[in-house]
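> A structural model of the following input is requested.
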Amino acid sequence: MALDRQRIVAEAVALLDADGLDGVTTRKLAARLGVRSPTLYWHVPNKAALVTAIADAILDQEFADRSPPAPEQHWRDWLSDLAGRLRRAMLAHPDGARVISTAQLSRTMTAISELAMSTLVDRGVPLRRARVIVLTVERFTVGHVLEEQAPRPDAEALEGFDMETFTRQHPTVIAAVTDYFEPGRTVDDLFHDCLEVVIAGAVARAT
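Next up, the predicted model:
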């Protein structure tokens, strides 16, 4: 099979899924493709370009359709849905949020921003406000998923951890977590509840 950029990126995404972002190296990628590392540079000149190509690929999987809202849909609801799609795109791959936050000049992320900002402007939101609102929502979403995908404490980190003392010292935190995650409520609900606050705050403060 001929080696081209599309095949390289597809294999790089597979490598990301297998080993995470730290495992995506030109050496490993070349080995998977059965070529020498310098051969890759004809298609992707460096690691930064490769990461950006991966970012575009995983975003394109979710955003093949980039349509503005229907006339009857409020732009806030549409923007919330857009953020949810961005989150799904990142959660679909290990370290997806790290890839998106590391990517340089992602064409797909730029296209998403263009769609979101132009949609708000078309709905009567001044350009400066539209930019602040969209950037706030995008950066919150990426940051939220970075937290979701961050490694959890392992056995070594938890060794000697006194949960009883921790609970006694932080009663409100523990009570809030326990209260929020009542039966049937999930981390998806937490994301959407936080996102609602972010959008409302961004709209109120944008000038």
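
> got phi/psi on residue 20?
Main-chain dihedrals, residue 20, degrees, to the nearest 10: phi 80, psi 170.

> so who does it touch?
94-95 (C-beta atoms under 8 Å, 6 or more residues apart in numbering). Any C-beta I mention is one placed from the backbone N, CA and C, and that applies to glycine too.

> which element, helix or strand, includes residue 195?
helix 187-205 (DSSP states H and E).

> all the helices of this structure, residue numbers only.
Ranges of helices in the chain, per DSSP state H, are 5-19, 26-33, 37-40, 47-62, 75-91, 96-102, 107-122, 127-149, 155-158, 163-169, 171-180, 187-205.

> average pLDDT across stretch 51-64?
Mean per-residue pLDDT for stretch 51-64: 97.

> check which residues of the helix or strand bottoming out on mean pLDDT in the chain are buried.
Ranked by mean pLDDT, DSSP states H and E, the weakest helix or strand in the chain is helix 155-158, scoring a mean of 82. Along helix 155-158, no position meets the burial threshold by neighbour count (16 or more other C-beta atoms under 10 Å).

> again with stretch 99-114
Counting neighbours by 16+ other C-beta under 10 Å, stretch 99-114 gives 99-100, 102-103, 106, 108-109, 112 as buried.

> ok, back up a step: go through the helices of the chain and name the closest to residue 68.
helix 107-122 (5.0 Å; C-beta to C-beta).

> who's in contact with the closest one?
In contact with helix 107-122 (C-beta under 8 Å, 6+ apart) are residues 55-56, 59-60, 63, 66, 68-69, 75, 78-79, 82, 86, 100, 103, 127, 129-131, 133-135, 137-138.

> what about it, average pLDDT?
97.

> cool, stretch 171-184 as well?
On average, stretch 171-184 scores 94.

> distance from that stretch to the middle of the chain?
26 Å (C-alpha atoms, centre = their mean, to the nearest Å).

> which residues touch that stretch?
166-167, 190.

> can you lay out those as a markdown table showing pLDDT and distance to residue 46?
A markdown table is the format used below for the contacts of stretch 171-184 (pLDDT from 0 to 100; distance: C-beta to C-beta, whole Å):
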| residue | pLDDT | distance to residue 46 |
| --- | --- | --- |
| 166 | 93 | 45 |
| 167 | 95 | 48 |
| 190 | 96 | 37 |
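
> sweet, I'm off.
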